[in-house]
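Trainee: Sequence plus the predicted model coming up.
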Amino acid sequence: MKYSQFIAGEFADGSSAQRLQVLSPSTGESLGDYAMASSDDVQRAIAAAQKAFGLWKQSGALQRSDLLRRIASEMRADRDAIARQISAELGKPHGEAQKEVDTAAEMFEWSAEEARRLYGRVIPARSPGIRQTAQFEPCGVVAGFSGWNAPAITPSRKISAALAAGCTIVIKPSEETAGVALLIAQAIQRAGAPAGAVNMLFGDPAQIADQLCQSPDIAMITFTGGTEVGRQLGAKAAATMKRATLELGGHAPVIVWNDVDIDQVAANCVATKYRNAGQVCTSPTRFLIHESIYADFCARFVEHTQKLRVRDPFDAQAQMGPLKNRRRRDAIERLVANALESGAQLLTGGKALAGPGFFYEPTVLALRDLRADAAHIEPFGPVALLIAVKDADEALREANRLPFGLAAYAFTQNMQLAHRFANEIESGVVCINELQASLPETPFGGYKDSGLGSEGGIEGLREFLKVKCVRQGGLA
């Protein structure tokens, strides 16, 4: 894989003297390196996007839709190569990586369909001879930021929605999974996207963010990542009156009631909890279990966790790979150690695996109280917290205790309880009796400190549009 920047439709080395290395999380060894983007590179990308926007905003819905479909087709044709890059750079098991490519391509396909349905409306006038309409227009050049934990899905969601709306984009995917993003850029280039419609930069995150946020040619910021960085970017966007869509961190609660099939729910929760080694912002983490089934649920949960096969991501039997980097492994080690010091009970796991790479055991902790840091800080790793609750009021208090509300889950066969949980849990996504928090066609966004605005669904597409009211007289 040749790493580079992607500016004005061309792949080229960055012009900074500094270089970045991409490391394999499975071995800790280098996969390659590249020159960072300089401030001149950032400015060239902005200028290219601004130039392309002048033409792309005038394109018709069918033209946009056709391009997005071609991009999806190119990505599907390159499915195995992109999946291999995901496994190499992120450590996600290869089969799971292939599914991520499928979903990323589907982001483009869904946006292609919705590009043809950005309807305005006619508003009845108060008097004859007046016509008044509300119409959508693309907001302009978009600055996008995406993390490493979904290196194909997250950039694809942002790029596809921006292009469908008639915007152009300068996106800074994660430097640690640059190869995945660049393979998507290759698909975009092969599909015939106008030069400058999509630009990708890799370099110093703070420097690039500052330059993009301060540029008068950038109309909007879309960011996926941690809450603290999201706050900083949101403030920078507000200072120059840019709109901002922020998909930030979570700490997802899972209410498990005493009327469920314990083994089935435990098995499904384990499979979702340790997907991508728990490095998912919607990962179910705080399991709030009715006290009458707490012991049985813990036993089943641990049993299924201990069966997980933690292996090299290219091993066909792998169900969980390594953590992304040493920083994440160190953070998990600190959280687990703190939890044990705070009185938590270790039910399984709890240590790094011997050998190369950043592998860590799937870990289950029973929390007797909430003193542990992990009860307040999103682990973003393979750590599940099991907590007993006595009634629905206590479950809801704990579910809503933290200043996060990105995703939440509840399992019960009681329709009244399900209705109550769906309406009283403070979260942008609430799943009842299932665990799929995000799809291309559904809105995805957080409450409280988990973000602003939505991604996905028609709601996410409209984040990239501004509304114009037109009143025209003299028609009588």
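Mentor: All right, it came through fine.
Trainee: going forward, measure contacts between C-alpha atoms and count neighbours the same way
Mentor: Fine.
Trainee: Let me see the contact set for the most centrally placed residue in the chain.
Mentor: In the chain, the residue lying closest to the centroid (C-alpha atoms, centre = their mean) is Thr154, at 5.0 Å. Counting by C-alpha atoms under 8 Å, 6 or more residues apart in numbering, Thr154 touches 104, 146-147, 224.
Trainee: go with 10 Å
Mentor: Applying C-alpha atoms under 10 Å, 6 or more residues apart in numbering, we find Thr154 in contact with 104, 107, 144-148, 173, 181, 223-224, 455.
Trainee: Please give the element, helix or strand, for it.
Mentor: helix 153-165 (DSSP states H and E).
Trainee: Now that helix: average pLDDT?
Mentor: What helix 153-165 shows for mean pLDDT is 98.
Trainee: Tell me the helix or strand right after it.
Mentor: Next along the chain after helix 153-165, taking DSSP H and E as the criterion, comes strand 168-172.
Trainee: How far does that following strand sit from its chain's centre?
Mentor: Computed by C-alpha atoms, centre = their mean, to the nearest Å, the chain-centroid distance of strand 168-172 equals 16 Å.
Trainee: Show me what it is packed up against.
Mentor: Counting by 3 or more C-alpha pairs under 10 Å, 6 or more residues apart in numbering; DSSP states H and E, the packing neighbours recorded for strand 168-172 are strand 5-7, helix 39-56, strand 141-145, helix 153-165, helix 178-190, strand 198-200, helix 205-214, strand 218-224.
Trainee: Output these as TSV; include the columns distance to Asp263.
Mentor: What follows is those, written out as TSV (distance: least, C-alpha to C-alpha, whole Å):
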stretch	distance to Asp263
strand 5-7	48
helix 39-56	52
strand 141-145	39
helix 153-165	31
helix 178-190	37
strand 198-200	45
helix 205-214	44
strand 218-224	34
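Trainee: Quick one: closest of these to Leu68.
Mentor: Relative to Leu68, the nearest member of these by C-alpha to C-alpha is helix 153-165, separated by 6.9 Å.
Trainee: That closest one vs helix 178-190, what angle?
Mentor: Counting by axes from the mean of the first three to the mean of the last three C-alpha atoms, to 10 degrees, helix 153-165 lies at 30 degrees to helix 178-190.
Trainee: For helix 153-165, C-alpha coordinates in PDB please.
Mentor: Only the C-alpha atoms of helix 153-165 are listed here, as PDB (Å, rounded to 0.1, in the frame of the first residue of the first chain):
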ATOM      1  CA  ILE A 153     -17.900   3.100   7.300                       C
ATOM      2  CA  THR A 154     -17.300   6.500   8.900                       C
ATOM      3  CA  PRO A 155     -15.600   8.300   6.000                       C
ATOM      4  CA  SER A 156     -18.100   6.700   3.600                       C
ATOM      5  CA  ARG A 157     -21.100   8.000   5.600                       C
ATOM      6  CA  LYS A 158     -19.700  11.500   5.500                       C
ATOM      7  CA  ILE A 159     -18.500  11.600   1.900                       C
ATOM      8  CA  SER A 160     -21.700  10.000   0.500                       C
ATOM      9  CA  ALA A 161     -24.000  12.400   2.300                       C
ATOM     10  CA  ALA A 162     -22.000  15.400   1.400                       C
ATOM     11  CA  LEU A 163     -21.900  14.500  -2.300                       C
ATOM     12  CA  ALA A 164     -25.600  13.500  -2.400                       C
ATOM     13  CA  ALA A 165     -26.500  17.000  -1.000                       C
END
